[in-house]
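K.L.:
below are the sequence and a predicted model for it; my questions follow.
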Amino acid sequence: MRIDTGGDGPILVWFRKDLRLADNPALSHAARSGRPVIPLYILDETPGVRPMGAASLWWLDKSLKALAESLEALDSKLILRRGEAQAVLDDVIAHSGATCVLWNRLYDAASIDRDTDIKARLKDNDVDCQSFNAGLLNEPWTVQNGSGQPYKVFTPYWRAAREQLHHVDAEAAPKAVKSPDKWPHSESLRGWGLHPAKPDWSKGFDEWTPGEAGALERLDDFLSGPIDGYGEKRDIPSAPATSRLSPHLHFGEIGPRQIWVAARNADTSAGEVEKFLSEVGWREFNHSILFHNPDLPKANFRPEFDGFGWVKDHASFEAWTRGETGYPIVDAGMRELWATGFMHNRVRMIVASFLIKHLLIDWREGEAWFWDTLLDADLPNNVGNWQWVAGSGADAAPYFRIFNPIAQGEKFDPRGDYVRRWVPELASLPDKVIHSPWTAPAHLTPAAKRTYARPIVDHGQARQRALAAYQNLKGV
DNA sequence: TGAAATGTTGGGGCG
DNA sequence: ACGCCCCAACATTTC
């Protein structure tokens, strides 16, 4: 690749969602140039760019600390600044004499607009500027169907995308990163106050190790064990069968190319590897859909949903967020989310279906809650998956696919292990009734009857109401 | 990456 | 022994 890095001045490497040293083209190009490198992270306040939620900020705090330490081990540094990205870059350039800015690309409209403006400004000021791909196996404009259009259905999308992936490669971390003569001012991470205080609600987050090393360890653990049986067990929320890489991937502590290469080399059946990689494929698909439909965070992919009569029901929404709907599998999921910043994928589908179809609450309200509480909150995935469940999205679930929270619980948590862990007031119920505690004879459930909510809606009635509401949509 | 209603089949109880 | 009914098990269709 051609690198015109404009003279000998320092190169600014602007980290965003690529908080790693390995497989980071912006960083490796800078390091390879032999010129001084200024690694920079901006806590961006550009209007229109959606601010991170509280759980994401918790993760960011630790991830930046890890990145700073990795850079320090190379006798470099991570400069931290808060403000509008454009103004921050101007200031850092002015004080450092940087003549080049490199970054890895993002694919949501607000980030693209910001980066486009910045690129134009840098050119005007004779600062060289280049962007790279660290985040995706295939960039959105490179996967097209026969008529040159982006795919709208996952299966053909992924078939075409993987055809293009015969030579996936992931670069090693640079061995040296040259320092500038003088470092620009950096703010202090601690001073940003990203870790919650008064109260510190993050006590349950300790299973996570944010940062590049934690990400690689997680990948290694997954590929040397749980991937064997992934296809069968990935739907069982009590089983340690999924990779749990999503927050690492979101912050770019590991990239999809690294995952691809490692998974392909894993000592496992090809079928299991393909199953896992197709989940990476959904991430790619969601990025592509968002890139080609920039309004997706606000607007339905299928406009016939614009007239849908969503219900405003604050009390039910609150019951959902607190895990007090009276449906054990739903409540377990929502409580897992609140406690750990994570929720198993199968359960995400169940709780989302419940909010949208049983309560008829706008998917945007659920999306906003997940955005604030999920450690892996990711715009393309969060928006794409919520629209998928609502039926308003690309390749979406049909409107009549309404999960039965009792049947889903019995099918995917047959022994009630997951429910018992997160809804302890039901722990003593027998397996047979743990997903429908209201059917248990009173003598079995004195404690549960007292403390656990009755279902806030009747499943059968809610199902009929949802079918009727969805029936009114034109063209479905 | 559903669920429920409806249809079909076949074994067993029973008059 | 036979037909009839019941119903579980499975398949199909409908939402």
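P.N.:
Structure received.
K.L.:
just read off the phi/psi values of the residue lying closest to A:Arg35 once chain neighbours are set aside.
P.N.:
Using Cβ to Cβ, 6 or more residues apart in numbering and skipping residues adjacent in sequence, the residue nearest A:Arg35 is A:Ile11, 5.4 Å away. In short, each C-beta sits where N, CA and C put it, glycine included. Per-residue torsions, A:Ile11: phi -110, psi 130 (degrees, to the nearest 10).
K.L.:
what residues sit buried inside stretch A:218-232?
P.N.:
Buried residues in stretch A:218-232, defined by neighbour count with 16 or more other Cβ atoms under 10 Å: A:Arg218, A:Leu219, A:Phe222, A:Leu223, A:Pro226, A:Ile227, A:Asp228, A:Tyr230, A:Gly231.
K.L.:
no wait, stretch A:171-186
P.N.:
Within stretch A:171-186, the residues that qualify as buried are A:Glu171, A:Ala173, A:Pro174, A:Val177, A:Lys178, A:Ser179, A:Pro180, A:Pro184, counting by 16+ other Cβ under 10 Å.
K.L.:
same question for stretch A:141-151.
P.N.:
Using 16+ other Cβ under 10 Å as the test for burial, stretch A:141-151 gives A:Val143, A:Pro150, A:Tyr151.
K.L.:
get me the contact residues on chain A for DNA strand B.
P.N.:
With the criterion set to Cβ under 7 Å from any atom of the strand, chain A comes near DNA strand B through A:154, A:279, A:282, A:345-346, A:349, A:397, A:400-404, A:407-408, A:411, A:459-460, A:463.
K.L.:
please spell out the PyMOL selection for the buried subset of these.
P.N.:
Selecting only the buried entries of those in PyMOL, with 16+ other Cβ under 10 Å as the criterion:
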select buried, chain A and resi 154+279+282+346+349+397+402+403+404+408+459+463
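K.L.:
go back to the residues of chain A next to DNA strand B and keep what's next to DNA strand C.
P.N.:
Contacts with DNA strand C within those, counted by Cβ under 7 Å from any atom of the strand: A:Phe400.
K.L.:
which members of the residues of chain A next to DNA strand B occur in helices, if any?
P.N.:
Of these, the ones assigned to helices by DSSP state H are A:Phe154, A:Glu279, A:Trp282, A:Asn345, A:Arg346, A:Met349, A:Ala407, A:Gln408, A:Lys411, A:His459, A:Gly460, A:Arg463.
K.L.:
surely the fifth one meets A:Ser238?
P.N.:
Translated: A:Arg346. No - contact criterion Cβ atoms under 8 Å: A:Arg346 and A:Ser238 do not qualify, at 10.5 Å.
K.L.:
what's around A:Gly338, how many residues?
P.N.:
Quick fix: residue A:338 is Trp, not Gly. Counted by other Cβ atoms under 10 Å, the residues lying close to A:Trp338 total 17.
K.L.:
ok, it - contacts?
P.N.:
Remark: with contacts taken as Cβ atoms under 8 Å, 6 or more residues apart in numbering, A:Trp338 is in contact with A:Thr321, A:Arg322, A:Gly323, A:Thr373.
K.L.:
name the element the first one belongs to?
P.N.:
Using DSSP states H and E, the element containing A:Thr321 is helix A:314-322.
K.L.:
packing partners of that helix?
P.N.:
Under the contact criterion of 3 or more Cβ pairs under 8 Å, 6 or more residues apart in numbering; DSSP states H and E, helix A:314-322 touches helix A:328-340, helix A:363-373.
K.L.:
and the ones in helices among the residues of chain A next to DNA strand B, which is closest to A:Ala469?
P.N.:
Among these, A:Arg463 lies closest to A:Ala469 (Cβ to Cβ), at 10.9 Å.
K.L.:
how about that closest one: what's its closest non-neighbour residue?
P.N.:
Nearest residue to A:Arg463, sequence neighbours excluded (Cβ to Cβ, 6+ apart): A:Ile402, at 5.3 Å.
K.L.:
thought that neighbour was touching A:Lys357?
P.N.:
Yes - at 4.7 Å, A:Ile402 counts as touching A:Lys357 under the criterion of Cβ under 8 Å.
K.L.:
for DNA strand C, what are the nearby residues on the stretch 301-450 of chain A?
P.N.:
Contacts of the stretch 301-450 of chain A with DNA strand C, taken as Cβ under 7 Å from any atom of the strand, map to A:Pro398, A:Phe400.
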